[in-house]
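Student: got a sequence here, can you model it:
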Amino acid sequence: MKIFLSIAVMALTTYAIRMIPFTFFRKKIRNRLIQSFLYYIPYAVLSTMTIPAVFYATGDMTSSIIAAVIAVILAYFGLPLIVVALSASLAAYLTMLLLPYFT
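Tutor: Next up, the predicted model:
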């Protein structure tokens, strides 16, 4: 029974988040400031959720920083996401593997 209540609460929350803007904003938003603010919200939220996870995923800050630097460099050169993700993961793994030998 508890699981059904949890699912109902999550469904209601998800529905409310999507329904409220349609209820309050019936006309098209013409203010450029608000439009640009709403445009960047998804990027800001995604960054806020992702960046801390990147640096605390391995449990070691050194390997996380090296992996993040590798990912940023490869992404800058326009490589596909799968290449960037696998390369960063490999860099973090190799750093964790080799780090005891250099300290």
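Student: now tell me what touches stretch 43-57 from outside.
Tutor: Defining contact as C-beta atoms under 8 Å, 6 or more residues apart in numbering, one finds that stretch 43-57 is touched by 61, 64-65, 67-68, 92. From N, CA and C alone the C-beta is placed, and that goes for glycine too.
Student: specify which member of the residues you listed is nearest to Ile29.
Tutor: The nearest member of these to Ile29, counting by C-beta to C-beta, is Ala68 at 35.6 Å.
Student: got a list of what that closest one touches?
Tutor: Neighbour list for Ala68: 54-55, 88 [criterion: C-beta under 8 Å, 6+ apart].
Student: what about Arg18, distance to Leu12?
Tutor: According to C-beta to C-beta, to the nearest Å, Arg18 and Leu12 sit 11 Å apart.
Student: for the biggest helix by length in the chain, the distance to its chain's centre please.
Tutor: Scanning the chain for the helix with the most residues, using DSSP state H, yields helix 32-56. Centroid separation for helix 32-56 versus its chain: 8 Å, with C-alpha atoms, centre = their mean, to the nearest Å.
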